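Trainee: Please find the sequence and the predicted model below.
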Amino acid sequence: MKNQITSKATKIIKHTLIATVIVLSTLPSATCGNTGSVMSKYLFPTIEPDMLLKGHSSPICAATFSPEDSLIATGSTEGKIIIWNQDGTIKDSRKVHKGAIQSLRFSEDGSFLVSTAQGDNFVNLWYVNTPDYRRQRIDMQEPIQSAFLSPDNTKMVVITPPFHDIPPFCKVMDIITKHCLVKKEDIIAAQFRPGNNEKLLMVSDNGLFTNFNMKTKSSIMSRSRNDKIYMEDRQPTGICLSPDAKIVAITYATGGNSEEVRIGNYSSDEAYPSIIRDKDSEVIITNLKFSPDSTKIIYVTGSKTVHIWDIESGSIDAKIECEYDHEFCPILNSDNTHILMDSQEYDNTAVMFSVPETQK
């Protein structure tokens, strides 16, 4: 994908995204912020975007790559979804929701696009590979936070946020019959094992993990928590699961202005270096997401800085400083060579550019 995008960039782009990219060598400690550590910095004062995705008439609030990066999908605050070809041309564009797109995700084989929106009590399934881009609407009885499909595209997992006096819960639906197969309360995140249609990892709002077996409708393993990444006296402000359903990142406010993201394997005592925002720093971690290969975390601090964090080494691969709009969390493509984000530089436009290689 990298060569294809780069070769077409000069034909598509006539503008320059003014940004600063700082690529950091291995950090002496697993922290970011004002730690006093000495870090080698490599400055790239001007970056020319590889691609501008222009086509929305309102701010973009969700985006996703297909598994092999052959397609990109973006969703706007007015409920419009655009599917883009790899060269930046529009494959299809439709207004499928009334509210702002809240979640947007391709199926594991790339044949479906699943979307939900604020205020819409339904899930939209887009059959990407059909000539007429056929769509299916699955109505629900409650608000929907996110939805995704099982690897074989026969089941759909729906996460519902708390509303009124009802706690958050997770539903597993049969795509054909629309019947609810499983409903579990107090679940705020879930993920199928890659290539496995029966085993589902669920995470509750207090940090408890459960491996659920769809075939037997029972928990095959339940673990209270990884004590190295769980803070007994703090309520998590955010929980994110890796695509391979092995790693969890839990964000905590740790007192004052300080903030910490603890990262670890949910089923063992293994813990990775934490991302720590120093208490003297005025910026906060506003968005966080795993890379498709589950090796990196991309997150935003304040309004101008995007970080790419290597999980294994506990160091920052790249730090991109630019005018960021906060509408959706920046995302990485499948091989972590390109980043897609929104920018104040361009209205209602998603910007893609290459991630500089880490300097040694």
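Mentor: Received the coordinates, thanks.
Trainee: Strands of the stretch 201-350 of the chain, start to end?
Mentor: If DSSP state E, counting those that start in this stretch is used as the criterion, the strands of the stretch 201-350 of the chain fall at 209-213, 218-223, 238-241, 247-253, 259-265, 271-277, 285-290, 296-301, 305-310, 315-321, 331-332, 338-343, 346-354.
Trainee: Compare the mean pLDDT across those strands and name the weakest.
Mentor: Among those, strand 218-223 has the lowest mean pLDDT, at a mean of 62.
Trainee: returning to what we had before: want to try CSV for the strands of the stretch 201-350 of the chain, with mean neighbour count and distance to Ser115 as columns?
Mentor: C-beta coordinates here come from the backbone N, C-alpha and C atoms, glycine included. Below are the strands of the stretch 201-350 of the chain laid out as CSV (neighbours: other CB atoms under 10 Å; distance: least, CB to CB, whole Å):
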stretch, mean neighbour count, distance to Ser115
strand 209-213, 18, 24
strand 218-223, 11, 30
strand 238-241, 18, 19
strand 247-253, 22, 24
strand 259-265, 22, 27
strand 271-277, 21, 29
strand 285-290, 19, 17
strand 296-301, 22, 21
strand 305-310, 22, 24
strand 315-321, 21, 27
strand 331-332, 22, 15
strand 338-343, 23, 17
strand 346-354, 21, 16
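Trainee: out of the ones you listed, which comes closest to Val157?
Mentor: strand 209-213 (10.4 Å; CB to CB).
Trainee: got the angle for the closest one vs strand 247-253?
Mentor: If you take axes from the mean of the first three to the mean of the last three CA atoms, to 10 degrees, strand 209-213 sits at 150 degrees to strand 247-253.
Trainee: Strand 209-213 pairs with which strands, parallel or anti?
Mentor: When pairs are called by DSSP bridges, strand 209-213 turns out to pair with strand 199-204 (antiparallel), strand 218-223 (antiparallel).
Trainee: The first one - what's its average pLDDT?
Mentor: What it means is strand 199-204. Average pLDDT, strand 199-204: 85.
Trainee: Just the buried residues of that strand, please?
Mentor: Buried residues in strand 199-204, counting neighbours by 16 or more other CB atoms under 10 Å, are found at Lys199, Leu200, Leu201, Met202, Val203, Ser204.
Trainee: Just give the closest residue to the most centrally placed residue in the chain, not the sequence neighbours.
Mentor: By CA atoms, centre = their mean, the chain has its centre lying nearest to Lys289, at 4.0 Å. Closest residue in space to Lys289, ignoring its immediate chain neighbours: Cys329 at 4.7 Å, by CB to CB, 6 or more residues apart in numbering.
Trainee: one step back: tell me which of the strands of the stretch 201-350 of the chain lies nearest to Pro168.
Mentor: Judged by CB to CB, the one of the strands of the stretch 201-350 of the chain that comes nearest to Pro168 is strand 238-241, at 11.2 Å.
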